[in-house]
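Trainee: my questions are about this predicted structure, shown below with the sequence.
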Protein chains: 2
Amino acid sequence: MTSDDHFNTVAIAGVGLIGGSLGLSLRQAGVCSHVLGVGRNPGRLEHARQLGIIDSISTDLAEASERSNLIILCTPVAQIIADLPVALKHAGADAVITDAGSVKAQIVAASNGDPRFIGCHPMAGSHQTGADAARADLFRGAAWVVTPTEATSERAFRAGEALGRAVGSIVAALSPSDHDQAVALISHLPHVMASSLVAVCDAEKPRTPKLPLLSAGSFRDATRVADSSADLWRDVCMTNRDAIIGAIDRYVDQLILVKSLIETSDSEALREFFAAAAKAKRAWLHTSS
Amino acid sequence: MTSDDHFNTVAIAGVGLIGGSLGLSLRQAGVCSHVLGVGRNPGRLEHARQLGIIDSISTDLAEASERSNLIILCTPVAQIIADLPVALKHAGADAVITDAGSVKAQIVAASNGDPRFIGCHPMAGSHQTGADAARADLFRGAAWVVTPTEATSERAFRAGEALGRAVGSIVAALSPSDHDQAVALISHLPHVMASSLVAVCDAEKPRTPKLPLLSAGSFRDATRVADSSADLWRDVCMTNRDAIIGAIDRYVDQLILVKSLIETSDSEALREFFAAAAKAKRAWLHTSS
């Protein structure tokens, strides 16, 4: 049915920003001939079809899985975990099943060692959501993490990497656990930080009503991601629990260290701390995607 | 010598981004006829004169203070504290002395209750530094805090407010202590947060070399101000010590609260936390300058 680099029918479950952008991008790259949009809301799917993101629609994941060569689950993480066994049960023996969830260990665990599954995490996004915001170039230049395990078939692993390259991303392989620890530090912690700063400053507002007037660039930057989906971030915290707790612990330890330098007026160590961070920040700018 | 809204000669000590922009802006607004640049490095002052930022130069603050009607100290905070007694000693009885330092209680204390002094904090800045980055419109639309005390003369208070209005800022009066607590939360804490996140992630890099590749928008936003002057931020931490320690404590308490919600899998409270922060962030966007 399929050559190694082409899939006749790709089922995308969850045709929002990520799923919709994958649909546009994979077809543009010639990875598939037909995109089947899967979801619970026929009206939304029909809207995505009219936008040219998908070719046909299905509200039945089991049925859609039976007739697809590649199945990509792009719903929120909790839904991916619920849907994955259904997709695996109904997909053919030579199908590849993957996902676009932002945590991996719990999702990979839900695949139950099925060799046809490869976890993926396209590390792109936008403050916009929904199929209307979908763009074929959303993933260009971003990281695309694949998280193979010992159970993953060579074919599924290669398909996961090929998808990332097809959409223009930079592909990196990590174990599910290493992935989750990395994104806890680099993405989940910054979201907790931003929402926490808003919470602390908002609690101070009754006492200092001029606080918003005084907020300038550093506050805006530090809180930019605080206006995100509460459901999504609750979901991330619940599904990447241990890694996020570990990241918060390390971050709190660092803040307490800086506090102790201020308390003891250790001027030279404080200067060193800010100088080392500035130097590292510049180095990261040159090595990040 | 001076009408209420015009100063013949304005001395600006420290002709960098802030001092240089004030020079350009105050002359453009007709607040003064002559800008006297004061500093220790004649070459840098001459460069600022050639850029049209200042009209004449002096390397002697005492002498410059004697022949100026308005003296604005725009050096780093520690230097302001050292220079303020000199300026007050040599300025005339009807002169106004002010500053542009980002902390106020220690600076106001160094004025020793002199009625001619009014502390100011123009809350604008840039990642750029130095006179070459000076712009007449740097302060437009930003907050300009004046910090009067019981000792401040009506004349000095009105001059501090008039300066802020002249450069196009939104003027707000706060006590020195309220100012310092507010900026500790809204500006100093975000800088400590950004540098601390870089420190934690950089320490993880040897174990996870792909970490910079995985860093996306939330990390970039959260660490944008980490590449700042180490001397400046050491200085801020040392001169706004108690308020920054208090801000770190409140922030750490908030992080530990979020951590406990994750640890106890309190899904609904987590959703509430992210939703409240998103709502507050949107409200702040509409009320900040």
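Mentor: Cool, got the structure.

Trainee: where do the helices of chain A begin and end?
Mentor: Secondary structure of chain A, counting by DSSP state H: helices at A:17-28, A:42-50, A:61-66, A:77-90, A:105-110, A:154-166, A:176-183, A:189-204, A:211-214, A:217-222, A:230-239, A:241-263, A:267-287.

Trainee: could you dump these to a markdown table with mean neighbour count, distance to chain B and mean pLDDT?
Mentor: (C-beta placed from N, C-alpha, C; glycine too.) Listed next are the helices of chain A as a markdown table, based on neighbours: other Cβ atoms under 10 Å in any protein chain shown; distance: least, Cβ to the nearest Cβ, whole Å; pLDDT from 0 to 100:
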| stretch | mean neighbour count | distance to chain B | mean pLDDT |
| --- | --- | --- | --- |
| helix A:17-28 | 24 | 13 | 95 |
| helix A:42-50 | 16 | 23 | 96 |
| helix A:61-66 | 19 | 24 | 98 |
| helix A:77-90 | 19 | 10 | 96 |
| helix A:105-110 | 21 | 13 | 97 |
| helix A:154-166 | 20 | 12 | 97 |
| helix A:176-183 | 23 | 5 | 96 |
| helix A:189-204 | 24 | 4 | 97 |
| helix A:211-214 | 22 | 4 | 92 |
| helix A:217-222 | 21 | 4 | 92 |
| helix A:230-239 | 22 | 4 | 92 |
| helix A:241-263 | 19 | 4 | 98 |
| helix A:267-287 | 17 | 4 | 92 |
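
Trainee: for these, give me JSON lines that also has distance to B:L285.
Mentor: Below are the helices of chain A laid out as JSON lines (distance: least, Cβ to Cβ, whole Å):
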{"stretch": "helix A:17-28", "distance to B:L285": "22"}
{"stretch": "helix A:42-50", "distance to B:L285": "28"}
{"stretch": "helix A:61-66", "distance to B:L285": "39"}
{"stretch": "helix A:77-90", "distance to B:L285": "28"}
{"stretch": "helix A:105-110", "distance to B:L285": "34"}
{"stretch": "helix A:154-166", "distance to B:L285": "35"}
{"stretch": "helix A:176-183", "distance to B:L285": "27"}
{"stretch": "helix A:189-204", "distance to B:L285": "11"}
{"stretch": "helix A:211-214", "distance to B:L285": "9"}
{"stretch": "helix A:217-222", "distance to B:L285": "8"}
{"stretch": "helix A:230-239", "distance to B:L285": "17"}
{"stretch": "helix A:241-263", "distance to B:L285": "25"}
{"stretch": "helix A:267-287", "distance to B:L285": "25"}
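
Trainee: how near is A:S265 to B:R241?
Mentor: According to Cβ to Cβ, to the nearest Å, A:S265 stands 7 Å off from B:R241.

Trainee: the closest residue to A:R67 other than its chain neighbours: how many residues sit nearby?
Mentor: Closest residue to A:R67 apart from its sequence neighbours, by Cβ to Cβ, 6 or more residues apart in numbering or on different chains: A:T9 at 6.2 Å. By the measure other Cβ atoms under 10 Å in any protein chain shown, the count of residues near A:T9 is 20.

Trainee: do A:D266 as well
Mentor: A:D266 has 16 neighbours, counted by other Cβ under 10 Å.

Trainee: centroid-nearest residue for chain A?
Mentor: Most central in chain A under Cα atoms, centre = their mean is A:S102, positioned 3.2 Å from the mean C-alpha point.

Trainee: who's in contact with that residue?
Mentor: Each residue near A:S102 by Cβ atoms under 8 Å, 6 or more residues apart in numbering or on different chains is listed here: A:77, A:121, A:183, A:187, A:236.

Trainee: so how many other residues sit close to A:P206?
Mentor: By other Cβ under 10 Å, neighbour count at A:P206 equals 8.

Trainee: tell me who's in contact with it.
Mentor: With Cβ under 8 Å, 6+ apart, A:P206 has no contacts at all.
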